[in-house]
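K.L.:
here is the input, now give the coordinates:
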Amino acid sequence: MMKSTAAALLLSSATVSASKWNGSPALTSEKIIGARAHQLIEINALPADHDWRNINGTNYLTESRNQHIPQYCGSCWAFGTLSSLNDRLKIASKGAYPEVILAPQVLINCGGGGSCEGGNVGGVFDYMSSFGLPDETCQNYEAKDALNPCNPSGDTTGVCETCSPGSKGPGDPGTCTKIVNPQMWTLDAYGYVLSGENNNKDIKGIEVSNSDKLKAEIFSNGPLACGIHATDELEAFGTTVPINTYPGSIFNQSVFFPMPNHILSITGWGMDTTLNQEYWIVRNSWGTYWGDNGYMKINMGGHNLGIEGSCSWATPTVKNGTGTNARNARTLTAMKTLKTLKTYTTDETIQPGTFFDYKNAPRPTQPSTTSNTRVVSPLPTYEDAPSSFDVRDVNGISYASPSRNQHIPQYCGSCWTHGPTSALNDRYQMTRKNIFPHVFLAPQMLVNCMPPPADTTQGAGGCLGGDPSEVGPYLHKNGIVHETCQNYQAKNLYKDFKCDAMGVCQNCKPSNNGDPKKNCFPMGAPANENNFTKYYVDEHGRINSTDYAANAKQMVAEIGARGPIHCAVCVTPAFEKYSGGIFEDTTNCTTLDHSISIAGYGTENGKDYWIGRNSWGTYWGEDGWFRLARGTNNLGVAKDCGWMTPGKIE
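P.N.:
Predicted structure coming up:
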């Protein structure tokens, strides 16, 4: 009788939890190719500690995420699965550029495993195997069900889109259209870690445990997607309950009958020698303010909410026939037919005004003069700069943060936030030598909170344009949060730009009245709970003399010594169509109306060039990047640049 009562209570508890945590680790099928990971290695040779965040000082894991903003969404099934795949892509490339962040919103739009009401890992694997999945610059995460119509083979915007300026002028969200043939990723193989028969021995014939099998797969190929019986105690870990409440900061909890209702990722393991306790290292999708920068240690071998029982793995790979290379092949063929002498290729399907509002964008003729600078240290010199520099490959190491798209889910003239924060992200990585945690700053906080430019010719604030040279002074004083505090929404959320605490860092819980936004609340309160991190700028300066040749030398000096800078350029129809090569403007346009990051420089066949990063998605240009002829004031790039140095983190 007591057993029946306990079971009834547990089932009741599980039913309640299902409305709050609703991810399933179930697979519909497996695709196993070759031997399992534990069959190919000596289990006894595995290290006592293995943490993909720190392999000889290098972090091989991708950016942290938050499934619960800008409103509550039960999409753990997508985030837990995709975070493991993002990490596996980075590990397989040995940390080389690019860092790929696959798009969970596409799975929600297209029914690729579930919705904001829940889903399963198997559905993600099935969808990716059938159709492939693009990166997030194709489809920004909005935490909403079926926002865009989705037919992976049809003319719909639910998979990959860009949003062009609207006809009503500034503030018009514009019209969104489908991007044809974006880069997609699919799966070579997938399955449960613990499935199969007669596979309980390693390469030497030594018997292996279930924990050994998980370790072998993680060590050989990367993180796993795993189910866990989520509880209120798990949710409170590191937010309302300090992690050091638990001995060794290792979370432990037992339930009578664990029923997986939440998906997260196991990324490594370790041993606390003081407690003589092994633990798993786990990544969640509840923001960097949860746990320890979005991660936790949890007991291995029991008292761990059943996390070891239903883990799965998959091997992601580029889907053949998709992406920039496929588009460029067509363009290059057309250019050869025309016998053009240009040093760059173009996509002639792109119409003027696709990525830029020529009619309404601020087009100041001169750089602003209202922002201040803070230069304390001696400036780098041109003579000390290396002959070439590329933030994506500095002595074999990439310090480049993931690329962004300012124009989804609607058109937004926020380049002034993206150029500076992109450069600052990369500088943080360089300064910190790529250690965990990586810094991925939130442009939406600047859209929400930063006042309109003092020089009104630079724009009207937020999505209506701004002055990138004012970002440095603002961040020196106010700091900026991580993307998991305030994800990018491409809209002005505060008409007067006087944001409250919600506009800085927020979280959301399930709502009982059907409105997922009703239970959103600011982080940072009450005192000592729900803490979040802010990142500040120390020094900030400008390169904007009227001697453009001198400016170009100082740009080289600054980039070569301290990393990417942000610059303003003139957008032309030819630049919009750019798809590869070294771009050289023929219109002599130097009116500054767009902010980008200059992240390097080099020489090819005797032609000097800048390496630039745009914020129009990876389907534009050279996977979101471009090369620009150096030695002339091409597109006005040497007219007005700025730089920032990473400051305090608190």
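
K.L.:
can you give me the offset of whichever strand or helix holds Tyr609 from its chain's centre?
P.N.:
Element membership for Tyr609 (DSSP states H and E) is strand 607-613. In terms of C-alpha atoms, centre = their mean, to the nearest Å, the centre of strand 607-613 is set 24 Å apart from its chain centre.

K.L.:
with stretch 564-584 instead?
P.N.:
23 Å.

K.L.:
now the helices: where do they sit in the stretch 101-250 of the chain?
P.N.:
104-110, 121-131, 210-221, 232-236 (DSSP state H, counting those that start in this stretch).

K.L.:
mind listing what Tyr382 touches?
P.N.:
Taking C-beta atoms under 8 Å, 6 or more residues apart in numbering, we find Tyr382 in contact with 553-554, 556-557. No exception for glycine: its C-beta is placed from N, CA and C like everyone else's.

K.L.:
turn those residues into a markdown table, including secondary structure and pLDDT.
P.N.:
Formatted as a markdown table, these follow (DSSP: H, G, I helix; E, B strand; the rest coil; pLDDT from 0 to 100):
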| residue | secondary structure | pLDDT |
| --- | --- | --- |
| Lys553 | helix | 98 |
| Gln554 | helix | 98 |
| Val556 | helix | 98 |
| Ala557 | helix | 98 |
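
K.L.:
dump those to JSON lines, plus distance to Gly323 and neighbour count.
P.N.:
Shown next, in JSON lines, are the contacts of Tyr382 (distance: C-beta to C-beta, whole Å; neighbours: other C-beta atoms under 10 Å):
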{"residue": "Lys553", "distance to Gly323": "36", "neighbour count": "17"}
{"residue": "Gln554", "distance to Gly323": "36", "neighbour count": "24"}
{"residue": "Val556", "distance to Gly323": "31", "neighbour count": "24"}
{"residue": "Ala557", "distance to Gly323": "35", "neighbour count": "18"}
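
K.L.:
those: which two are farthest apart?
P.N.:
Gln554 and Val556 (7.3 Å; C-beta to C-beta).

K.L.:
ok so, going back, which one of the contacts of Tyr382 is nearest Ser195?
P.N.:
Nearest member of the contacts of Tyr382 to Ser195, counting by C-beta to C-beta, is Val556, at 55.4 Å.

K.L.:
so how far is Leu635 from the closest one?
P.N.:
17 Å (C-beta to C-beta, to the nearest Å).

K.L.:
one more: Pro165?
P.N.:
20 Å.

K.L.:
what of Asp202?
P.N.:
58 Å.

K.L.:
which one of these two has more residues nearby?
P.N.:
Using other C-beta atoms under 10 Å, the more surrounded residue of Asp202 and Leu635 is Leu635, with 30 against 23.

K.L.:
would you state the strands of the stretch 301-450 of the chain in chain order?
P.N.:
With DSSP state E, counting those that start in this stretch as the criterion, the stretch 301-450 of the chain has strands at 312-318, 344-346, 389-390.

K.L.:
can you add distance to Val100, mean pLDDT and mean neighbour count and give those strands back as TSV?
P.N.:
Shown next, in TSV, are those (distance: least, C-beta to C-beta, whole Å; pLDDT from 0 to 100; neighbours: other C-beta atoms under 10 Å):
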stretch	distance to Val100	mean pLDDT	mean neighbour count
strand 312-318	8	98	21
strand 344-346	23	95	22
strand 389-390	18	98	18
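
K.L.:
with distance to Trp21 added, can I get the ones you listed in TSV?
P.N.:
Converted to TSV, the strands of the stretch 301-450 of the chain look like this (distance: least, C-beta to C-beta, whole Å):
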stretch	distance to Trp21
strand 312-318	18
strand 344-346	48
strand 389-390	43
